[in-house]
Each structure stands twice: as structure tokens, then as C-alpha cells.
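Chemist: Fold the following for me, if possible:
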Amino acid sequence: SSLTNSDIMFVKLHAPWEVLGKYAELMNVRMPFRRKIYYLHRRYKFMNRIEKQISRFRGWLPRKPMKLDKETLPDLEENDCYTAPFSQQRIHHFIIHNKDTFFNNATRSRIVHHILQRVKYEEGKNKIGLNRLLSNGSYEAAFPLHEGSYRSKNSIKTHGAENHRHLLYECWASWGVWYKYQPLDLVRRYFGEKIGLYFAWLGWYTGMLFPAAFIGLFVFLYGVTTLNHCQVSKEVCQATDIIMCPICDKYCPFMRLSDSCIYAKVTHLFDNGATVFFAVFMAVWATVFLEFWKRRRAVIAYDWDLIDWEEEEEEIRPQFEAKYSKKERMNPISGKPEPYQAFADKCSRLIVSASGIFFMICVVIAAVFGIVIYRVVTVSTFAAFKWALIRNNSQVATTGTAVCINFCIIMLLNVLYEKVALFLTNLEQPRTESEWENSFTLKMFLFQFVNLNSSTFYIAFFLGRFTGHPGAYLRLINRWRLEECHPSGCLIDLCMQMGIIMVLKQTWNNFMELGYPLIQNWWTRRKLRQEYGTQGKTSFPQWEKDYNLQPMNAYGLFDEYLEMILQFGFTTIFVAAFPLAPLLALLNNIIEIRLDAYKFVTQWRRPLASRAKDIGIWYGILEGIGILSVITNAFVIAVTSDFIPRLVYAYKYGPCAGQGEAGQKCMVGYVNASLSVFLVSDFENRSEPTSNGSEFSGSPLKYCRYRDYRDPPHSPAPYGYTLQFWHVLAARLAFIIVFEHLVFCIKHLISYLIPDLPKDLRDRMRREKYLIQEMMYEAELERLQKERKERKKNGKSYHNEWP
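Modeler: Have a look, this model is predicted:
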């Protein structure tokens, strides 16, 4: 009976050795039976020399600071043994030092859960399994117990770990070991393979972010060092005589081009000569990351005995059974009758679900449209603001407030999307839990991805593209003039959008992941302290302590994976506009690993240990993001940045035209060439600014400039596109095609050249297969020899026996 609530009864289950042995054999649980024998394959002299030089260089470095100290923490040493499916007949072949510890706690929990899922609790057709008892409210919760407290008064280095939970806390979940590798074998032993694989993937992703973050930082620093030599930003800063047309109706004033000097310099930090190289690098990096993850996963699957593991035939969901119990057909695997969903019913449900998804995506687009209208309306409001700071930086203020409002809308819509995705997935009536999980995952990813990135796509590819020109602006509902880019370009808006969203999203996620459970658990502990005092809390049994912790969320690891996959999208899709994204992701992930570890070890009830071979549907989503990132980065470089217009000017129109050069000296006059001239008297009545520009020269302005390639007002075709515009457009299209084909070729070549299985792993697997066969032959021979000796002792020898 519960000490804190007399209405709650705890039932503690224990599996004795006989039950564990019986079900381990039925479930094909692999257990150790012989220590591994490693052999050194023949190496060439050249490779030996290289290895000697590397080892000599390593001697100068610190002694592997990132490795966990296995001398002071001997429990981290895993038994390196060959494994085979457990068999009670061949029990003498297995290494059994102690029957109580032969099956680890994760395996014991899995066996007990397997039994509970198949127990009939009541007479009736579908009255089977623990999940149904949980869903109908017979039991409030079912969970494996943590192995004692995660804290100890004694130091782990002098007294050792009190239990595996304490060991995990000290060498994994503690902030003091943030720079060390994760003890994945210990994580797998305590939480099971599925959670172990998540942390293995997260650690691999974080490790692969190091080169991406370093190159991104280098691109940014390259922009910083070349800032004073950039001809374009110099010309912008010195252009005190160039007067730009107002960027909004009526209230926006005329402005000197030199007023946007700071924005031109900031733009150069992100949009410089190294940006194209970095975009190609990140596209290749995404492929290398996925290909090497496949190899890493293969090694983990081999070490954790997942190579030959196949998922059991899954049970049908109770909701599916209840809905389709009248129609039955034979299961081709089990040969038993089971509920059946008609093809027409399945199609109609999928069509309704797809319509729901399409409608919700339209809601996102409507929200983005609302943000566009907000930007258009407020830019005029900020331009007429009484505070000079906001009035002079009206466009930056508009962008900043729009991004913050957009973030709030994103977080509100995410709550709505979860409910809609849940409703649509249940409407589809998936047959098994894994089908339900995959369907829900795809919907939630699609919703959240579109929600998070739709406004970024608008800024990158639509902002300032379809505005018309002074005197003939395009308008929303024939009323609001579409927003223009800053005189220094739209890239600064894209950088602000990505930076603010990325920082706010990661901060919010980290708070919700750890802060929310911490507050809930603190509140529970506070209530217990008030009722029972500080001594009463420590005397509670383990099940009482665990019950007061937060349960793992209903969707398992879904939230953890989704957060990282969305971050991966941010890191790769618009990385050409924001080279610091991998660095921000790296810093976040270093914290994220320890946050998740702390949460699993200290704040959550111990989840059921379950097995998995890989990260499931998420791998396909990662591949899709990798392909999308190539296309978006090609468009960002060609359309959003000024890389192509500068190249065209340098090779065709600048001082070096026809000489095959493109240095900074070839960019002289670029700013003037990229601006068109407008006659102020041609303004529409509703666009005409309130000031006449007399503050610049003492007399009303006759002409102003704007970003575009158009003919002057007194030409035969006023404000028509110039030849330079068509040259730039053709160069942009050519760049997109060449860039995409080149990067896709490199990606496919890399994926072809990198084998999924490392050669040494393939050799180890073959050798293990050979050794296991030899061991089985030896064991069988020993058995036959024993039988023969026994027959001879009993005097029962047969004639014509083989020697």
C-alpha cells in the first residue's frame, strides 16, 4: 500500500531463474558463451610506419581527456564475448558466474513485460495484455524500478558506484563530464537498445558538427578579416551623394545610401567569397554524416547483437480490433484469424487524412500571410514613430518584431498540430503500434517543418522580389504596398530570422525538456516534505520514489528526435545565409546530451528497455532534408545573395570586363551599376512621400535611386528591364542547374564509395561465424565422446564403430 495515498496499491513482480531461462529461449535472447579472440591482420610496411608516426605524435598530446577513466570506474568494462541465442539444453556452454546477475535488469524487465503482454486477464476474445489494463484504467502505471538513488555521500572514485543508476549519473548525466564520450554500453545495459541508439546517434551527430562548425566559423571570420577590403561595402559607406527612394508609402523619408553602411558590412560577414564553398561543403557534409552513421550503426548493431535481430510479429492495436472485429481473415504469418480493414475503407480514411494535412499546411501559409501584412503595415508606422532610434531603423525594428511574433505563432500552432496529428492518425486506424508511430511521426514532422520554415522561405525567396518599381508598385488587395528589401539586400533579414528563431526555439525546448519536469518533481517533493518531513522522504521505498517521478512521454523518443531533426534542417537548409548555424547547433547539442541524460536518470521513471536496429523512419527524413538543402542553398546563393550579380558585373560590365579576372579592383562602380534612376515627379499620389528631400541639397529632389536593373525615365522605354538584368537572370538559372548537378553528383559518388559495412567489421563477422561453427562442432564432439565413455563403462559397446 502507498505511504502517501492509501487509494494506491503497488504490485511488485519478480521473475525467478526458471521463468527467465524459459522465456529467454522463447524470445531468442542472445547471451555470452565464449570470450572474443582478436587477431591482427597483415599490414603493409608503409602503414606500419604511418601508425608509428601517429602514435609518436599522440605521445605529445594529453592522455585521451575525452575517454572515461576505466581504472577508477571498472564497472564500465563490458564482457567482450561471443553471444548465441540462450538455450537451456546447452546451458553449460554459457558463461554464468551468478544466476542473479546473468540476465541484466533491462533484459529481465523486457522478459517480464513480454509475459504480461500475453497474459489473459479475463474471459473474452480480446481480454489479453497489460496495455489493455492500462488503457481501461485498471492500473494507473507500469514501470521497471530504478536501481536505487543516483546520489551518494561517498566519492565514486574511492568507494565505487552504489548501483548502475549512480554510475550513469556520475559518468554521463553530471555536468562535470560534458567533454567526455558517452558510456553507450552502460546506457544500453540500463535503458535498452532503443534509447542507447538514440544517444549513439545524438553523440555521432554532435561529433560530426565539429568540422561543420569550424568551417562555418572560418567563413564568418574570413568575412570579418576581408571587411575593410570589400569594395562593395566601401562604396556603400562612401555613397553620401546617392539618395535612395523611400521604402514605404508617405511616411518613409528619402535616405542616403551611406546610412545603410552598417548593414552592408554585416551582410558581407555572411555573404562573401567563401559562402559558395561552404554551401557545397555542407551539402557533402550531410551525405558523409548519413553514410558514416550507417557504418557506425552497423558497428553498434554488431556489438549489441542486433545484426540478426528481427522484430517480433506485432500485436494488433486494441482500437483496430474493436473497430474491425466483425471482419476477419487469416494472418499469413501466424495462421490465425485476425480483424481485417477493407481496402475501400482504408483509402477513404487516407484521403480524409491527407485533406486534413493539406488544410493545416494552408493554415500555416495563412499565418505567414498575416505576418507579411504585419510587416507591410508596421514599416510605415515605425517610419513615423516619435523615437528617433526606431524611426531611423524602421526596417530592422519591423523584421525583429515580426520574427518574435512569428515565433509565438509557431509555438501556438505546434500545440494545435499535435492534437490534429493525433486525431488524423487515429482516424486512419493503423493496424499495429509501429504503423501508428510512423504515421504520427510523418504528420508531426511535416506540420512542424512547414510551420518552422515557411516564414524563412518567404524571406529567402519572395521578400522584395515582386514589389514592382517606384511609380508602379504591386500591392496586396490593391491597398498595401509589398515590402522591399533593405538597400543592402535581403540577406540581413534572413540572418535575423534564422538567428532569432534558432536561439529562441532551442532555449524554449531545453526549458520544456528539463525545466518543466524539474518544477513538477520539486512541487511533488515539497508536498511530501510538508506532510512527512525531510526524514520521511528518504525512508520511502524505491517504487514510491519512482511513482512520484514524471512518466516518459506517451510518444517515447519522438520529441527528442523531432527537436534534433528540425535542428538538422535549420543547420543545412539555409546554411549559405547563416554560416554560424552549425556552431549554434554544436553548442546546443553539447548541452542537449547532458540535459537528456540528466532527465532520463533523475527526472523520469525508468522507461521499459526495448530493442531497435536503427533510428527508424527518421533516417529517411534526414535523407529528404539532405536533398532539399542542396536545392535551397543553390537558390539562396543565386537569388537571395548578391554573389551572381557581382560575378556578372566583374566579368561583363566592370573595369576588368573581358580580362577573365574577378578581384576587388574589378568591383569598382558595382553599387552605382546595380541601382536604377527614378524621376520623383512620377510617384503615384498614395506613394508620394511627405518630405520633398530638400534637407539633402537645399532644393527639392528631382531623382532618387532604387535597387533594380531598369532603364532611366527619359529612355525610349522608361523603366523597362536592361540587358544586364537578363544577363543576371540567365547566370542565376545557369548557376542553380550547375550547382545542383555538381553537388548531387558528389553526393552520389560519396555514397557509392563509402561501404555501409566497415571492412574490419565484415572480417570480424565472418571470423565470428567461423569460430561459432568450430565451437559448436567441438561442443558436439565433446558430448559424443562423453556418451561413448559412458557406454563403455556400462559395457554397452557396439561393433563396427568408427574410431
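
Chemist: could you pull out the strands for the stretch 601-750 of the chain?
Modeler: 675-679, 703-707 (DSSP state E, counting those that start in this stretch).

Chemist: Of all those, which one is nearest residue 638?
Modeler: Smallest distance to residue 638 across the strands of the stretch 601-750 of the chain (Cβ to Cβ): 16.6 Å, for strand 703-707. Quick note: C-beta positions are derived from backbone N, CA and C, even for glycine.

Chemist: ok so, going back, would you convert the strands of the stretch 601-750 of the chain into JSON lines that also reports mean pLDDT?
Modeler: Below are the strands of the stretch 601-750 of the chain laid out as JSON lines (pLDDT from 0 to 100):
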{"stretch": "strand 675-679", "mean pLDDT": "89"}
{"stretch": "strand 703-707", "mean pLDDT": "88"}
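
Chemist: okay, these in JSON lines with mean neighbour count and distance to residue 97 next?
Modeler: Shown next, in JSON lines, are the strands of the stretch 601-750 of the chain (neighbours: other Cβ atoms under 10 Å; distance: least, Cβ to Cβ, whole Å):
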{"stretch": "strand 675-679", "mean neighbour count": "20", "distance to residue 97": "82"}
{"stretch": "strand 703-707", "mean neighbour count": "20", "distance to residue 97": "77"}
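
Chemist: all strands for the stretch 351-500 of the chain, in order.
Modeler: Remark: strands assigned in the stretch 351-500 of the chain by DSSP E, counting those that start in this stretch are 468-469, 472-473, 475-476, 480-481.

Chemist: Can you tell me which of those is most buried?
Modeler: strand 480-481 (a mean of 18; mean count of other Cβ atoms under 10 Å).

Chemist: who does that one pair up with?
Modeler: Paired strands of strand 480-481, with direction, are strand 475-476 (antiparallel) (DSSP bridges).

Chemist: quick revisit: for the strands of the stretch 601-750 of the chain, which one sits closest to residue 465?
Modeler: strand 703-707 (11.3 Å).

Chemist: Would you mind confirming that residue 218 is in contact with residue 275?
Modeler: No. With contact defined as Cβ atoms under 8 Å, residue 218 does not count as touching residue 275 (11.6 Å).

Chemist: So for these two, which sits in the more crowded spot?
Modeler: Neighbours around residue 218 and residue 275, counted as other Cβ atoms under 10 Å, are more numerous at residue 275. The numbers are 23 against 14.

Chemist: who touches that one in this structure?
Modeler: Counting by Cβ atoms under 8 Å, 6 or more residues apart in numbering, residue 275 touches 219, 576, 579, 637, 641, 643.

Chemist: and with 7 Å instead?
Modeler: Counting by Cβ atoms under 7 Å, 6 or more residues apart in numbering, residue 275 makes contact with 219, 576, 637, 641, 643.

Chemist: chain center to the lengthiest helix in the chain, what's the gap?
Modeler: Across the chain, the helix with the greatest residue count (assigned by DSSP state H) is helix 343-383. Relative to its parent chain, helix 343-383 has a centroid offset of 24 Å by Cα atoms, centre = their mean, to the nearest Å.

Chemist: Now do the domain split for the chain, please.
Modeler: 17-63+85-142, 184-229+268-352+415-620, 758-792 (the TED database).

Chemist: All the strands of the stretch 1-150 of the chain, residue numbers only.
Modeler: 30-35, 81-85.

Chemist: ok, back up a step: among the domains of the chain, which is the most enclosed?
Modeler: domain 184-229+268-352+415-620 (a mean of 18).

Chemist: What is the end-to-end distance of it?
Modeler: Domain 184-229+268-352+415-620 has an end-to-end distance of 24 Å (criterion: Cα to Cα, to the nearest Å).

Chemist: what mean pLDDT would you report for stretch 299-306?
Modeler: For stretch 299-306, mean pLDDT rounds to 85.

Chemist: how distant is that stretch from the center of its chain?
Modeler: On Cα atoms, centre = their mean, the centre of stretch 299-306 falls 23 Å from the chain's centre.

Chemist: Endpoints of stretch 4-15, how far apart?
Modeler: This stretch, stretch 4-15, spans 27 Å end to end (Cα to Cα).

Chemist: what residue ranges in the stretch 201-350 of the chain score low on pLDDT?
Modeler: Along the stretch 201-350 of the chain, the parts satisfying pLDDT under 70 run over 310-315, 318, 331-336.

Chemist: okay if I get the strands of the stretch 1-150 of the chain as JSON lines plus distance to residue 653?
Modeler: Output for the strands of the stretch 1-150 of the chain, formatted as JSON lines (distance: least, Cβ to Cβ, whole Å):
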{"stretch": "strand 30-35", "distance to residue 653": "70"}
{"stretch": "strand 81-85", "distance to residue 653": "70"}
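
Chemist: so which of the ones you listed comes closest to residue 1?
Modeler: The closest of the strands of the stretch 1-150 of the chain to residue 1 is strand 30-35. By Cβ to Cβ, the value is 37.4 Å.

Chemist: tell me the mean pLDDT for that closest one?
Modeler: 75.

Chemist: Nearest to residue 379 among the contacts of residue 275?
Modeler: For the contacts of residue 275, the nearest to residue 379 is residue 641 (22.6 Å; Cβ to Cβ).

Chemist: Model confidence for residue 112, exactly?
Modeler: Note for residue 112: predicted pLDDT of 91.

Chemist: do the same with residue 60
Modeler: 57.

Chemist: okay, stretch 287-306 in CSV with CA atoms only?
Modeler: Output of stretch 287-306 as CSV, limited to C-alpha atoms (Å, rounded to 0.1, in the frame of the first residue of the first chain):
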residue,chain,number,x,y,z
THR,A,287,25.9,12.9,-47.1
VAL,A,288,29.1,12.0,-45.3
PHE,A,289,27.2,12.3,-42.0
LEU,A,290,24.5,9.9,-43.1
GLU,A,291,26.9,7.4,-44.8
PHE,A,292,29.2,7.2,-41.8
TRP,A,293,26.3,6.9,-39.5
LYS,A,294,25.3,3.8,-41.4
ARG,A,295,28.7,2.4,-40.7
ARG,A,296,28.6,3.4,-37.1
ARG,A,297,25.2,1.9,-36.7
ALA,A,298,26.5,-1.4,-38.2
VAL,A,299,29.3,-1.5,-35.6
ILE,A,300,26.8,-0.8,-32.8
ALA,A,301,24.4,-3.4,-34.1
TYR,A,302,27.2,-5.9,-34.1
ASP,A,303,28.4,-5.0,-30.6
TRP,A,304,24.9,-5.1,-29.2
ASP,A,305,23.8,-8.3,-31.0
LEU,A,306,21.3,-6.6,-33.3
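
Chemist: Alright, that wraps it up for me.
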